[in-house]
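Participant: need a 3D model of the following:
(2 chains)
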Protein chains: 2
Amino acid sequence: MCLAFKKHIDKFTQLDNASFEVVMSFFEVTKVQKKEHLLRSGTVCQYQYFVVDGCLRKYFIKENGLEQTTEFALENWWISDTFAFERHESSSFNIQAVEAATVLRISYTQREALVLEHPCMEHYFRMVYQRAYAAAERRIAYLYEWSREELYLHFVSQYPEFVQRIPQYLLASFLGFTPEYLSEIRNKHRS
Amino acid sequence: MCLAFKKHIDKFTQLDNASFEVVMSFFEVTKVQKKEHLLRSGTVCQYQYFVVDGCLRKYFIKENGLEQTTEFALENWWISDTFAFERHESSSFNIQAVEAATVLRISYTQREALVLEHPCMEHYFRMVYQRAYAAAERRIAYLYEWSREELYLHFVSQYPEFVQRIPQYLLASFLGFTPEYLSEIRNKHRS
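Facilitator: Numbering: from 1, shown residues only, chains lettered A, B, ... in the order given. Alright, predicted model coming up:
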């Protein structure tokens, strides 16, 4: 199970097996059932999560009472409420398992200790945030430019497996659609 | 002029004056006139910019031919097209001076050399991206949740100086308004 994480680290930095074992000692392995919550809004965001297998989502409750999914995390993705995680503050987001999942979790204090002891992990986390921010910059531009139908078609072409895998009502929420509208677009592009 | 950058680094890490001089040698100081471009879409994004004084904006051209501003950078902000910067690729964004500005610029190759030589700068850039990503996570949630009027009111309460400082047509573009709609909202909340 740790192999996936080792491989992800190896994309950005060099870590021999002995050092990796030490790095792993900063993490806890957690298993979650489908629909179980790892973070509830109104509680302190204590952890950052790396998905080893399964799928998580982040959502908040809108003023109209509906859930708004803002992020998914499949294998090899990190997920947290970064702002609340850094400040040890309560979050306005929820993180929930879409599928049963195995995750690695680390607290902010532990992560700061880890990067002090292993500077290559400072580089790793810089690259993780750099890529996440680069993706967010593009996503913000898409939200300005594209119609909801174009957002859906982009998503399908970029992440075809993902679209197959996650429940359609969650995909609809993520894209800001009603499930009915998503079904309409899907039928249109199927025919 | 370097004092502002030194102060920004000091927020996240420790750097004595002698080391700071070495760090500065990785950067070039550039002055830009109002409306001058630092990056044109279709050209390689070579630099990341730190604003010492003045104001920059990032925008792209929408399919309808209009400019869409997606980001501003005032003093102590970093700006680039992170995705294209890392990959030495051509960008679909433009970066332009809203006011005459003094900026520090660094290439990706130079930045990688800098963080290798000065690990505390690896920590600095991790924190810069961590905060930028945290802000983007919140911004994405706001774009789902809030009406355009609420986005404007949030912006006014969070960044009152900024709203005074930048031209209204650019603020309107950033918020996804027409200038006429912005003027209408401003009048409504003034009375």
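Participant: which parts of chain A are strands?
Facilitator: Applying DSSP state E to chain A gives strands spanning A:28-32, A:37-39, A:47-53, A:56-61, A:67-73, A:78-79, A:94-97, A:101-107.
Participant: need the ones you listed in a markdown table (columns: mean pLDDT).
Facilitator: As requested, the strands of chain A are exported to a markdown table (pLDDT from 0 to 100):
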| stretch | mean pLDDT |
| --- | --- |
| strand A:28-32 | 97 |
| strand A:37-39 | 98 |
| strand A:47-53 | 97 |
| strand A:56-61 | 96 |
| strand A:67-73 | 93 |
| strand A:78-79 | 98 |
| strand A:94-97 | 98 |
| strand A:101-107 | 98 |
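Participant: now for these, which one comes closest to residue A:14?
Facilitator: Of all the strands of chain A, it is strand A:47-53 that lies closest to residue A:14, at 18.9 Å by Cβ to Cβ. Every C-beta, even on glycine, is put in place using the N, C-alpha and C of the backbone.
Participant: what about the helices in chain A?
Facilitator: A:2-10, A:17-24, A:82-87, A:108-117, A:119-145, A:148-158, A:160-165, A:168-175, A:179-190 (DSSP state H).
Participant: would JSON lines of those with mean pLDDT and distance to residue B:68 be doable?
Facilitator: What follows is those, written out as JSON lines (pLDDT from 0 to 100; distance: least, Cβ to Cβ, whole Å):
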{"stretch": "helix A:2-10", "mean pLDDT": "93", "distance to residue B:68": "34"}
{"stretch": "helix A:17-24", "mean pLDDT": "95", "distance to residue B:68": "42"}
{"stretch": "helix A:82-87", "mean pLDDT": "97", "distance to residue B:68": "25"}
{"stretch": "helix A:108-117", "mean pLDDT": "97", "distance to residue B:68": "35"}
{"stretch": "helix A:119-145", "mean pLDDT": "94", "distance to residue B:68": "5"}
{"stretch": "helix A:148-158", "mean pLDDT": "86", "distance to residue B:68": "15"}
{"stretch": "helix A:160-165", "mean pLDDT": "85", "distance to residue B:68": "27"}
{"stretch": "helix A:168-175", "mean pLDDT": "86", "distance to residue B:68": "20"}
{"stretch": "helix A:179-190", "mean pLDDT": "84", "distance to residue B:68": "24"}
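Participant: out of the ones you listed, flag the one nearest residue B:108.
Facilitator: Of the helices of chain A, the one closest to residue B:108 (Cβ to Cβ) turns out to be helix A:119-145, at 10.6 Å.
Participant: list the buried ones in stretch A:33-40?
Facilitator: A:38-39 (16 or more other Cβ atoms under 10 Å in any protein chain shown).
Participant: rewinding a little: mind putting the helices of chain A into JSON lines with mean neighbour count and distance to chain B?
Facilitator: Formatted as JSON lines, the helices of chain A follow (neighbours: other Cβ atoms under 10 Å in any protein chain shown; distance: least, Cβ to the nearest Cβ, whole Å):
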{"stretch": "helix A:2-10", "mean neighbour count": "15", "distance to chain B": "15"}
{"stretch": "helix A:17-24", "mean neighbour count": "13", "distance to chain B": "16"}
{"stretch": "helix A:82-87", "mean neighbour count": "20", "distance to chain B": "4"}
{"stretch": "helix A:108-117", "mean neighbour count": "15", "distance to chain B": "7"}
{"stretch": "helix A:119-145", "mean neighbour count": "19", "distance to chain B": "4"}
{"stretch": "helix A:148-158", "mean neighbour count": "15", "distance to chain B": "10"}
{"stretch": "helix A:160-165", "mean neighbour count": "12", "distance to chain B": "18"}
{"stretch": "helix A:168-175", "mean neighbour count": "18", "distance to chain B": "9"}
{"stretch": "helix A:179-190", "mean neighbour count": "13", "distance to chain B": "15"}
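Participant: can I get those in JSON lines with distance to residue B:129?
Facilitator: Converted to JSON lines, those look like this (distance: least, Cβ to Cβ, whole Å):
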{"stretch": "helix A:2-10", "distance to residue B:129": "17"}
{"stretch": "helix A:17-24", "distance to residue B:129": "20"}
{"stretch": "helix A:82-87", "distance to residue B:129": "10"}
{"stretch": "helix A:108-117", "distance to residue B:129": "13"}
{"stretch": "helix A:119-145", "distance to residue B:129": "4"}
{"stretch": "helix A:148-158", "distance to residue B:129": "22"}
{"stretch": "helix A:160-165", "distance to residue B:129": "24"}
{"stretch": "helix A:168-175", "distance to residue B:129": "24"}
{"stretch": "helix A:179-190", "distance to residue B:129": "33"}
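Participant: no more questions from me, cheers.
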